[in-house]
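# need a 3D model of the following:
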Amino acid sequence: MSNPFVRIVEPLDPKQPLKKFFNLSKLEDVRYARLPFSIRVLLEAAVRNCDEFLVKKGDVENILNWKVVQHKNVEVPFKPARVILQDFTGVPAVVDFAAMRDAVKKLGGDPEKINPICPADLVIDHSIQVDFSRRSDSLQKNQDLEFERNKERFEFLKWGSQAFKNMRIIPPGSGIIHQVNLEYLARVVMDQDGYYYPDSVVGTDSHTTMIDGLGVLGWGVGGIEAEAVMLGQPISMVLPEVVGYKLLGNPQPLVTSTDIVLTITKHLRQVGVVGKFVEFFGPGVAQLSIADRATIANMCPEYGATAAYFPVDDISIGYLIQTGRDKEKVMCTKKYLEAVGMLRDFKNSSQDPDFTQVVELDLHTVVPCCSGPKRPQDKVAVSDMKKDFETCLGAKQGFKGFQIPPDRHNSVVKFNFEGCDFELAHGSVVIAAITSCTNTSNPSVMLGAGLLAKKAVEAGLTVKPYIKTSLSPGSGVVTYYLRESGVMSYLSQLGFDVVGYGCMTCIGNSGPLPESVVEAITQGDLVAVGVLSGNRNFEGRVHPNTRANYLASPPLVIAYAIAGTIRIDFEKEPLGVNASGKKIFLKDIWPARNEIQAVEREFVIPGMFKEVYQKIETVNEAWNALDAPSDKLYTWNPKSTYIKSPPFFDGLTLALQTPKTIEDAYVLLNFGDSVTTDHISPAGNIARNSPAARYLTSRGLTPREFNSYGSRRGNDAVMARGTFANIRLVNKFIDKQGPQTVHFPSGETLDVFDAAERYKQAGHPLIVLAGKEYGAGSSRDWAAKGPFLLGVKAVLAESYERIHRSNLVGMGVIPLQYLPGEDAGTLGLTGRERYTIIIPEKLKPQMNVQIKLDTGKTFHAIMRFDTDVELTYFHNGGILNYMIRKMAS
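Residues are numbered from 1 along each chain as shown. Alright, predicted model coming up:
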């Protein structure tokens with residue numbers, strides 16, 4: 001072994017000399033004991049992988065010296081233990097791998113070198129939609145439709161699992177990626193190739209951070225970056241600051257973990273943790289179960305941090321036993337963590353490490369709350385929900401405003417549903433979904449919802465039949481304990497039948513609303529409401545007809561479904577009136593914490609986890625029956641509208657091309673703040689009047705066969721046309737919301753794709769102008785690939801979401817950032833100018849570049865290539881081109 005730290009390798013157990021570990025305590029460096037526990041994981045990976053090439057001794061020294069260098073933009077490499085993918089991001093990754101094999105072969109290399117080196121798991125959870133609900137056969141019907149729509153994609157993924165080594169596929173119908181990771185895939189400590197070391201993971205989904213709740217360091221990366229990690233490349237990252245989040249006290253009896261995470265999300269947004277690690281500590285952590293911690297870690301992207309880490313403690317070890325992990329392996333895990341100083345006792349303050357900054361939260365101060373109506377960080381106490389929504393109705397159009405004229409605030413539209421007359425108004429609930437790994441992984445809130453449903457049914461309460469209710473558990477274990485505890489039948493009576501195992505409503509796969517409901521909403525221009533136990537509620541994401549969407553705990557989702565409106569004060573107004581005329585209030589049916597805990601202790605047991613997960617890879621008969629080709633090179637079907645060889649590597653040569661100045665670029669789109677990846681590359685329904693719809697129609701498909709954008713991410717022709725196709729897109733060139741822009745040479749208003757095509761045909765480069773937090777939301781590589789295919793050479797923004805900036809770099813699109821104190825307003829930019837961006841011959845990380853306008857104005861911006869490695873990718877035209885050249889040479 002050429003590793004300079006081989007001297008600290010020793011057996012964990014002298015009786016098993018071939019099972020070794022790098023004993024960091026043998027570094028005999030006093031700085032180690034003061035490092036945050038999350039940074040210790042980075043250190044161990046650097047020590048173990050040190051080869052003086054990809055990982056150098058100086059990198060180890062920098063991590064040990066974290067306290068001194070944390071503010072200095074020091075770059076370090078990190079090689080995670082695993083990669084995890086879901087199918088929306090996994091399909092394009094496998095498509096890229098297949099295309100990279102073709103490219104390597106064309107350049108004279110061995111195509112089988114394109115193969116995952118780092119173990120990868122792909123969980124199929126993003127394809128199922130809520131087409132059917134409120135019926136006993138909803139689950140089967142939705143799963144049948146899922147296979148009917150996605151058979152071609154699934155066959156392709158099955159090919160990938162056979163063609164590529166080190167890639168495991170978890171079939172559809174198994175659960176949600178992050179819950180399956182938490183309950184089954186996570187090891188906490190790896191035992192591989194004769195070594196023990198900390199489990200760590202990067203994933204192509206931003207909520208990969210959920211696993212931080214178990215003490216496995218993980219975060220979301222772009223699909224492009226994940227592919228490089230799978231091929232053995234380390235992630236190049238700036239050594240992060242670590243914010244210590246101290247938890248004190250005990251939660252109040254009526255408070256759920258959802259309320260805690262929504263409170264933390266708002267708090268940390270205010271603190272400002274973008275690009276930083278958050279590490280939780282303090283005696284309050286010991287009051288939280290692993291499920292509670294995972295809920296808090298899950299929403300890390302919503303508060304903007306890179307990771308939200310809970311170090312491993314005895315509660316984590318107990319969770320591994322509870323979820324059916326092998327007891328002998330769990331004991332080895334504990335022994336290893338004790339040996340390397342990574343087992344935490346949250347009640348022992350002498351273990352508290354150094355942090356960049358410490359902020360506190362007394363859990364006793366948390367109150368029941370929701371978040372919305374358009375962003376997850378906009379927390380609203382349940383007691384203020386009615387007043388807050390009514391304020392939003394009249395407020396100016398924005399994150400907290402719908403600009404409804406005062407004389408229309410009490411508009412009512414009558415409609416008929418299944419032979420009965422009903423009314424809709426502003427604030428009427430039309431979608432109520434218990435969904436998302438954020439909450440369905442947590443037995444306390446799921447059983448709380450079940451017990452509330454039981455009490456509601458027994459009190460004579462019902463949910464109006466037109467409200468689209470659904471329950472999409474994150475794993476089969478949830479259904480198991482809901483059924484065994486006797487609450488499932490009550491959930492069903494209120495319309496919350498199991499509709500599928502997957503993300504569903506949380507990612508916009510909410511399916512259609514009844515036509516009469518849509519007509520009533522449209523007729524009255526109503527602000528209808530979706531209530532979901534999810535983690536994202538950006539405008540246009542959940543459903544096109546729900547302009548207001550609130551994140552809430554599963555019990556509150558049921559409560560608002562029963563009430564039928566968000567305009568209710570639960571303290572003063574009843575949920576409903578039963579057949580006897582008795583008013584039933586929320587407090588009458590809300591289950592007590594000790595009641596929930598008693599049911600959880602009795603029914604959430606290891607045997608359930610073992611039974612569900614031992615057959616997870618073989619239980620889906622439809623998956624087992626799929627026929628997949630066995631060739632190592634994929635045979636592309638030119639008739640396919642799902643899987644297509646992408647044009648990213650067309651004309652690629654082994655020789656590097658010198659980056660050129662971008663001359664006289666037009667602005668394709670001019671945005672304000674918080675443009676999300678949902679705006680840039682929507683995942684939901686394909687509108688019938690869109691460029692993507694016209695393309696699919698030209699290929700002989702009917703609207704019923706369009707499926708979603710997310711399901712077609714293996715086809716660049718659809719995805720390029722779907723770029724900036726969100727119906728809620730706000731472009732400053734247009735005076736109304738919609739996926740259109742101005743083609744300046746002609747002055748015409750066109751769909752964004754059509755305008756980009758005209759520019760491309762005329763040889764004009766394009767840029768995008770944006771405000772703060774450009775690319776917020778899901779880690780979506782097509783939000784970078786799509787603009788690249790439209791001809792966008794650069795984005796000029798005030799700030800970027802971390803993963804999206806990385807994805808832009810990965811595609812060779814230049815992320816430019818205004819200088820501090822400057823923006824489009826201060827510089828007087830309208831977006832109607834033409835921009836020349838001077839690219840110097842010698843580039844340095846985060847250097848300033850000159851931008852010249854055709855008006856004669858000149859200014860500077862920061863070129864956000866943050867590391868030398870990112871500059872290497874840029875010189876290669878992107879990270880995948882770099883990997884192909886490396887593998888082919």
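# so residue 632, which of the three states?
The three-state assignment at residue 632 reads coil, by DSSP: H, G, I helix; E, B strand; the rest coil.
# per-residue confidence for the nearest residue to it once chain neighbours are set aside?
Leaving aside its chain neighbours, residue 632 sits nearest to residue 163 (5.5 Å; criterion: CB to CB, 6 or more residues apart in numbering). Glycine gets a C-beta too; all of them are placed from N, C-alpha and C. Note for residue 163: predicted pLDDT of 93.
# now do the contacts for residue 163.
Applying CB atoms under 8 Å, 6 or more residues apart in numbering to residue 163 gives the contacts 98, 630-632, 634.
# most surrounded residue in these?
In terms of neighbours by other CB atoms under 10 Å, these top out with residue 98 at 26 neighbours.
# next, the buried residues of the strand or helix carrying that one.
Here residue 98 sits within helix 87-106, counting by DSSP states H and E. Neighbour-count burial for helix 87-106, with 16 or more other CB atoms under 10 Å as criterion, is recorded at 87-104.
# do stretch 245-263 as well
By neighbour count with 16+ other CB under 10 Å, stretch 245-263 contains the buried residues 245-247, 249, 251, 254-263.
# among those residues, name the ones in helices.
Members of those lying in helices (criterion: DSSP state H): 257-263.
# backbone dihedrals for residue 848, please?
Dihedral pair for residue 848: phi -80, psi 140, per degrees, to the nearest 10.
# contact partners for residue 621?
No contacts exist for residue 621 under CB under 8 Å, 6+ apart.
# for residue 417, give its distance to residue 133.
Per CB to CB, to the nearest Å, residue 417 is found 14 Å from residue 133.
# which of those two has more neighbours?
The neighbour comparison of residue 417 against residue 133 (other CB under 10 Å) goes to residue 133, with 27 against 16.
# surely the more buried one meets residue 468?
Yes - in this structure residue 133 lies within contact range of residue 468 using CB atoms under 8 Å: 5.7 Å.
# find the residues that touch each one of those two.
Applying CB under 8 Å, 6+ apart, one finds that residue 133 and residue 468 are jointly contacted by residue 511.
# closest to the centroid, which residue in this structure?
Centroid-nearest residue in the chain: residue 206, 3.1 Å away (criterion: CA atoms, centre = their mean).
# does it touch residue 778 like I think?
Yes - taking contacts as CB under 8 Å, residue 206 lies within contact range of residue 778: 5.3 Å.
# where along the stretch 301-450 of the chain do the strands fall?
Assigned strands in the stretch 301-450 of the chain, in chain order: 307-309, 357-362, 369-371, 379-381, 412-417, 420-425, 429-434 (criterion: DSSP state E, counting those that start in this stretch).
# so which strand or helix has residue 731?
Assigned by DSSP H and E, residue 731 falls outside every helix and strand.
# residue contacts, it?
Going by CB under 8 Å, 6+ apart, residue 731 touches 669-671, 740-741.
# tally of neighbours for the residue nearest to residue 568 when sequence neighbours are not counted?
Nearest residue to residue 568, sequence neighbours excluded (CB to CB, 6+ apart): residue 386, at 5.9 Å. Counted with other CB under 10 Å, residues neighbouring residue 386 total 20.
# and residue 386, how far from residue 563?
Counting by CB to CB, the separation of residue 386 from residue 563 is 10 Å.
# other residues contacting the strand or helix carrying residue 523?
Taking DSSP H and E as the definition, residue 523 sits inside helix 515-524. Applying CB under 8 Å, 6+ apart, the contact partners of helix 515-524 are 411-417, 424-425, 430, 466, 526, 528, 545.
# ok, 7 Å please
The contact list for helix 515-524 (CB atoms under 7 Å, 6 or more residues apart in numbering) reads 411, 413, 415-417, 424, 430, 466, 528, 545.
# pull out the buried members of these.
411, 413, 415, 417, 424, 430, 466, 528, 545.
# which element is residue 232 on?
Counting by DSSP H and E, there is no helix or strand that carries residue 232.
# tell me how many other residues crowd the nearest residue to it once chain neighbours are set aside.
Counting by CB to CB, 6+ apart, residue 117 is the residue found nearest to residue 232 once chain neighbours are left out, at 3.9 Å. Close neighbours of residue 117, defined as other CB under 10 Å, add up to 14.
# repeat that for residue 356.
Neighbours around residue 356, by other CB under 10 Å: 18.
# if I look at it, how far off is residue 68?
Taken as CB to CB, the span from residue 356 to residue 68 is 12 Å.
# what does stretch 4-11 contact?
For stretch 4-11, contacts defined as CB under 7 Å, 6+ apart pick out 17, 19-20, 22-23, 26-27, 47, 50, 57.
# which residues of the stretch 601-750 of the chain fall in strands?
Counting by DSSP E, counting those that start in this stretch, the stretch 601-750 of the chain has strands at residues 662-670, 740-743, 748-751.
# per-residue pLDDT, the residue lying closest to residue 26 once chain neighbours are set aside?
For residue 26, ignoring the flanking residues on the chain, the nearest one in space by CB to CB, 6+ apart is residue 8 at 4.0 Å. In this prediction, residue 8 carries a pLDDT score of 97.
# run a quick neighbour tally on residue 8.
Neighbour tally, residue 8, other CB under 10 Å: 15.
# got it, and the one 4 residues further on?
Residues lying near residue 12 (other CB under 10 Å) number 20.
# that one and residue 188, how far apart?
Using CB to CB, residue 12 is found at 14 Å from residue 188.
# mind showing which ranges of the stretch 1-150 of the chain have poor pLDDT?
Filtered on pLDDT under 70, the stretch 1-150 of the chain yields the residue ranges 1.
# next: the chain.
Checking the chain against pLDDT under 70 turns up 1, 779.
# which residue of it lies farthest from its centroid?
residue 580 (46.1 Å).
# can I take it that that one is in a helix?
No - according to three-state DSSP, residue 580 belongs to no helix; its state is coil.
# could you tell me how far it is located from residue 459?
Distance, residue 580 to residue 459, using CB to CB: 10 Å.
# then residue 249?
Relative to residue 459, residue 249 is positioned 33 Å away (CB to CB).
# cool, residue 138 as well?
To residue 459, residue 138 is 25 Å away according to CB to CB.
# strands of the stretch 751-889 of the chain, start to end?
Shown for the stretch 751-889 of the chain, the strands assigned by DSSP E, counting those that start in this stretch span residues 766-769, 792-797, 814-818, 835-837, 848-853, 858-863.
# so what are the sheet partners of the fifth one and their directions?
It refers to strand 848-853. strand 835-837 (antiparallel), strand 858-863 (antiparallel) (DSSP bridges).
# same check, this time on the third one
Strand 814-818 has these partner strands in its sheet, going by DSSP bridges: strand 792-797 (parallel), strand 858-863 (antiparallel).
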